[in-house]
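> When you get a sec, could you give me coordinates for this:
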Amino acid sequence: MNFSHVDPARLRQFLAVLEGGSYAQAAQRTGLSQPAISKGIQALERALGVTLFERGRAGARPTPHAERLAPHARAILSEFALAQAELDAFDRAQAPHLALGASPSLAQGLLARTIARFRRRWPQVAISVEVGLSESLLDTLAEGTLDLVVSAPETAPQPDPRLTARPLGQESDALVVRAGHPLTRLVHVGLADLAAYPWIIPRRSARLDMIHAVFARAQLAPPGYTLRAESSDLARGLLRADDFVCLIGAEVLAHDIAAGALVRLGASALVTQRQALAFTRRSVAASMPLRNFTKLLAEEARR
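Modelled structure (predicted):
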């Protein structure tokens, strides 16, 4: 008996016959032909020097040798499966990976388009994305958890010697209401008109201060009801359900606007533009995947 010449595939065929009760059942279980199963069992019997099955009208009857081999065959195949799983996990851990961060509007627009282009050219590179606010994302980047952050901070970020920033263009806000909102029937929408309706703005942002400042300069009271929330899904639902006004990054609700479900108002005093930036760590040499991604990001921004 020589186990060194035993092919694990033969052990799988052996167990298929043992558990199926016949060569025909084994063929169905494995997707092989009956002659292939028969040849496999014969090869295993020659390697082991024993008879494993006695074929008859009732199927394939296991011999005592087969019954003794069965638990060892299962253990061997289990170890093979475990080894393969560990090797696969190791390969995945060693595979190229990009950890990206982005503000909500840039994630849905610029970053999404860049990822789509990148994936078509380098599908082997795994990508993870964290969407959030600029301040927390830049802290995470500086700590080394992220490779790149795409953001348009509302206020100029404090200089961080650990980071470098490259301009990508301008990011703008949009003032959005539902289709059929009373404001859409006005030829000109003034600040006094806007103040009469409830507002949605991001919870952790400087937009509320900016809104109050704009209304104060016009000697008007600011909107009486302001709901502050980070969720774009909540903003989308509220806009569709009620006469809310939402000041948000233009790309966040771009698909709803294009579909006609939401309408963009042209209140220029409230719609600001900010510099969109790509942040990376200064002290770390960029990997080839990161260099490739950054190049596509700049190309997509120029579009």
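
> OK, contacts around G132?
Residues near G132 by CB atoms under 8 Å, 6 or more residues apart in numbering: 101, 103. Every C-beta, even on glycine, is put in place using the N, C-alpha and C of the backbone.

> can you give me phi and psi for it?
phi -170, psi -160 (degrees, to the nearest 10).

> Let me know the next secondary structure element after the longest helix anywhere in the chain.
Scanning the chain for the helix with the most residues, using DSSP state H, yields helix 64-94. Downstream of helix 64-94, the next assigned helix or strand under DSSP states H and E is strand 97-102.

> Tell me which other helices or strands that next one touches.
Applying 3 or more CB pairs under 8 Å, 6 or more residues apart in numbering; DSSP states H and E, we find strand 97-102 packed against strand 126-131, helix 134-143, strand 148-151, helix 288-302.

> In a markdown table, list the ones you listed along with distance to L253, mean neighbour count and mean pLDDT.
As requested, the helices and strands packed on strand 97-102 are arranged in a markdown table below (distance: least, CB to CB, whole Å; neighbours: other CB atoms under 10 Å; pLDDT from 0 to 100):
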| stretch | distance to L253 | mean neighbour count | mean pLDDT |
| --- | --- | --- | --- |
| strand 126-131 | 15 | 14 | 91 |
| helix 134-143 | 19 | 18 | 87 |
| strand 148-151 | 18 | 26 | 93 |
| helix 288-302 | 20 | 16 | 92 |
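
> Go through these and name the closest to R57.
strand 126-131 (54.8 Å; CB to CB).

> and the closest one, how far from the chain's centre?
6 Å (CA atoms, centre = their mean, to the nearest Å).

> Quick check: neighbours of that strand in the sheet, parallel or antiparallel?
Strand 126-131 sits in its sheet next to strand 97-102 (parallel), going by DSSP bridges.

> For the strand it pairs with, buried residues please.
Applying a neighbour-count criterion of 16 or more other CB atoms under 10 Å, the buried positions in strand 97-102 are 98-102.

> Compare the helices and strands packed on strand 97-102 and give me the one nearest T226.
Nearest to T226, of the helices and strands packed on strand 97-102 and by CB to CB, is helix 134-143 at 21.2 Å.

> Need the residues that contact the closest one.
101-103, 130, 146-149, 151-154, 157, 160, 162-163, 279-281.

> that older thread, just curious, which of the buried residues of strand 97-102 is nearest to S172?
Nearest to S172 among the buried residues of strand 97-102, with distances taken as CB to CB, is A102, at 16.1 Å.

> Tell me which stretches of the protein form strands.
Ranges of strands in the chain, per DSSP state E, are 53-56, 59-62, 97-102, 126-131, 148-151, 163-178, 199-201, 226-228, 245-249, 262-265, 273-281.

> List the contacts of the residue lying closest to H181 once chain neighbours are set aside.
Spatially, and ignoring its direct neighbours in sequence, H181 is nearest to D243 (5.6 Å; CB to CB, 6 or more residues apart in numbering). D243 is in contact with 177-178, 181-182, 197-198, counting by CB under 8 Å, 6+ apart.

> between those, which is closest to A66?
Out of the contacts of D243, the member with the shortest distance to A66 (by CB to CB) is R178, at 71.8 Å.

> if I read this right, the closest one contacts L238, doesn't it?
No: using CB atoms under 8 Å, R178 makes no contact with L238, being 9.2 Å away.

> Could you pull out the residues contacting both of the two?
Contacts common to R178 and L238, judged by CB under 8 Å, 6+ apart, are F244.

> what about these two, which has more around it?
Set R178 next to L238 and count neighbours by other CB atoms under 10 Å: R178 wins out with 21 against 18.

> on that earlier part again, export the buried residues of strand 97-102 to TSV and tack on distance to I37 and pLDDT?
Putting the buried residues of strand 97-102 into TSV (distance: CB to CB, whole Å; pLDDT from 0 to 100) gives the following:
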residue	distance to I37	pLDDT
L98	46	93
A99	48	94
L100	50	95
G101	54	94
A102	54	92
